[in-house]
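A.B. asks: Need a 3D model of the following:
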Amino acid sequence: MRQFTHIVQSPNGLHARPAGLLAKQAKTYADTVITLTRGEKTVRASQLLRVLNLGIQQGDVVTVTIEGAEEETAWNDMRAFFALNL
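C.D. replies: Next up, the predicted model:
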C-alpha cells in the first residue's frame, strides 16, 4: 500500500473536469484500487459521482491511498496528476 496527502491549491477545488480526468486515470489501473479520503469520507477515485460528492475545495487536505499490483506506477502518476491539476 502506498499513500500520500495533497493540499488542494486550485481555486475551484475538485470540480467536474478534473474529477472526470481523475476517474479516467484511476480506471487505467485494473489491478489497483485508488481511494480518496477527505475528513471521514473515503471513496474510490474511479467513481466520478462519489468523488464529486466529497465536495473537495481549495485548501482541503486529501489523502490518496493506492493498493494493488500496479501501485508503484499508479502512485507516481497520481502524485503528478494532483500536482498538475489540483
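
A.B. asks: Surely E67 and D31 touch.
C.D. replies: No. Applying Cβ atoms under 8 Å as the test, E67 and D31 come out as separate, 9.9 Å apart. For the C-beta atoms, the positions are set from N, CA and C on the backbone; glycine is no exception.

A.B. asks: Of those two, give the one with the bigger neighbour count.
C.D. replies: Set E67 next to D31 and count neighbours by other Cβ atoms under 10 Å: E67 wins out with 14 against 10.

A.B. asks: so how far is L52 from the more buried one?
C.D. replies: 23 Å (Cβ to Cβ, to the nearest Å).

A.B. asks: ok, now V33?
C.D. replies: Applying Cβ to Cβ to V33 and L52 gives a distance of 19 Å.

A.B. asks: Please apply the same query to Q9.
C.D. replies: In this view, Q9 and L52 are 18 Å apart by Cβ to Cβ.

A.B. asks: More neighbours: which of these two?
C.D. replies: L52 (16 against 12).

A.B. asks: what's the pLDDT at that one?
C.D. replies: Note on L52: pLDDT of 95.

A.B. asks: Please report phi then psi for the residue located most distally from the centre of the chain.
C.D. replies: In the chain, the residue that sits farthest from the middle, by Cα atoms, centre = their mean, is A69; the gap is 17.7 Å. Note on A69: backbone dihedrals following degrees, to the nearest 10 are phi -60, psi -30.

A.B. asks: wait, isn't it in contact with T32?
C.D. replies: Yes. Using Cβ under 8 Å, A69 is in contact with T32, at 6.1 Å.
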